[in-house]
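any chance you could fold what I've pasted below:
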Amino acid sequence: MQTTENSAAKTAESNLEQQLPENGSGCSMDYSNVHILNELNRDTDKLAEKLKDFIRDQVTVFKKKGVVLGVSGGVDSAVALTLCVQEFGKENVYGLLLPEKESAPSSKTLGAEICENLGVSYEEVPISPILEALDIYNKKEQIIKRTCPEYDPRVHKTSLVLPDFLNQGLLNVPYLRLIKDGETVARYRLKANDYLELIGLQGVKQRSRMVVQYMHAEKLNYVVCGTTNKTELVLGQFVKYGDGGVDLEPLADCYKTQIYALAKHLKVNEEIIKRPPSADTWSHYTTDEEFYWRMPMHVIDQLLYAQEHKLSLEITEKNTGLPRDTIEKAWKHIDRVKDTTEYIRAAPPVFYLER
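Residues are numbered from 1 along each chain as shown. Predicted structure coming up:
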């Protein structure tokens, strides 16, 4: 790995002014009457050009010939793929579809479709055999069965969710949900040890995908391009040495809201834009709003933006429409998430002998 996760974090912290000038001219901005969503959705054309310049510069630094991307059928990979094709040409970009047996069928369909629309060469490499060899599915099923007595894999789909923050506040207890014929039929709280084990098992999926991406990148003498956005980066919503273990992260200073604005500007398939964001690692398609964010995307992005720019409670209240006590609780929740995921963003400490 040539670029560790913390390099993306440093980019997000230091390059905002370069990628998205505060008032379009690089000058200081008056935030007293700021409309956050307008700020996140403007100057998308300029942002796209700066992202392409960044991609070009990094590939040049690495002295590589092109770019490999994992294409998931989601909006982040679609935007990254389109930017890479526009900058390098379709002949220097290679797409990988990396499904497993719990992936939604639409992931593969939409991923293949955008590769074909852009004229990008791509390959499907199912990772289920890797996961089966490591007994991931069986171990996961054992946890589900001891948590949910009536679970029957022939009947039920499953998902891991957290309480809606706007309705249940700081309560942060994960639970398993059983779905039958598209309807939730049971919910069970997870024990802490079972939750940690499940997270570890699920992380093997992203790490397996990254192994495959590097295998192809090294064969082609390409870089591996990441697709983590700023909302995910700030909240630690990626797997260390999984989807976070890449050579460059062009989207790491763009909030999820900005990714959707970029997708519209780049004319990404409308079906991808309308698809709810998800890690897509459970048999029932579970959105990021149900697990990671615990609130709508436009709300979490406005709260993160307000924190970043030190906006007052009054301005944040005006933008989000949330009561002040809810905003304060949300910021505390976000701070706690940042603290507990700091190790994910950090590079491994290196010991140096004194000289």
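
quick one, helices of the stretch 251-355 of the chain?
For the stretch 251-355 of the chain, helices defined by DSSP state H, counting those that start in this stretch occupy the ranges 256-265, 270-274, 297-308, 313-320, 324-340, 342-345.

okay, buried residues for the third one please.
When you say that, I think you mean helix 297-308. Across helix 297-308, burial judged by 16 or more other CB atoms under 10 Å covers M297, H298, V299, I300, D301, Q302, L303, L304, Y305, A306, Q307. Glycine gets a C-beta too; all of them are placed from N, C-alpha and C.

and what of the longest one?
When burial is assessed from 16+ other CB under 10 Å, helix 324-340 yields the following buried residues: T326, I327, K329, A330, W331, H333, I334, V337.

my read: the fourth one touches L322, true?
Yes - here A330 lies in contact with L322, judged by CB atoms under 8 Å, at a distance of 7.3 Å.

thinking again about what came up before, can I get the buried residues of helix 297-308 in a markdown table with distance to V212 and pLDDT?
Formatted as a markdown table, the buried residues of helix 297-308 follow (distance: CB to CB, whole Å; pLDDT from 0 to 100):
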| residue | distance to V212 | pLDDT |
| --- | --- | --- |
| M297 | 29 | 95 |
| H298 | 34 | 95 |
| V299 | 35 | 96 |
| I300 | 31 | 96 |
| D301 | 31 | 97 |
| Q302 | 36 | 97 |
| L303 | 35 | 97 |
| L304 | 32 | 97 |
| Y305 | 35 | 97 |
| A306 | 39 | 97 |
| Q307 | 36 | 96 |
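
before we move on, the earlier item: of the helices of the stretch 251-355 of the chain, which is nearest A133?
helix 342-345 (25.7 Å; CB to CB).

tell me who's in contact with the residue nearest to N41 when sequence neighbours are not counted.
Computed as CB to CB, 6 or more residues apart in numbering, the closest residue to N41 that is not its neighbour in sequence is A261, at 4.6 Å. Residues near A261 by CB atoms under 8 Å, 6 or more residues apart in numbering: L40, N41, T44.

Q213 now?
Shown in contact with Q213 (CB under 8 Å, 6+ apart): V68, L69, G70, L96, L98, V224, V246.

one more: N41?
Counted by CB under 8 Å, 6+ apart, N41 has contacts T257, Q258, A261.

just the residues you listed now: which is nearest R345?
The shortest approach to R345 among the contacts of N41 belongs to Q258, at 19.6 Å (CB to CB).

show me what contacts that closest one?
If you count contacts by CB under 8 Å, 6+ apart, then Q258 has L20, L40, N41, T44, L47, N229, K230 around it.
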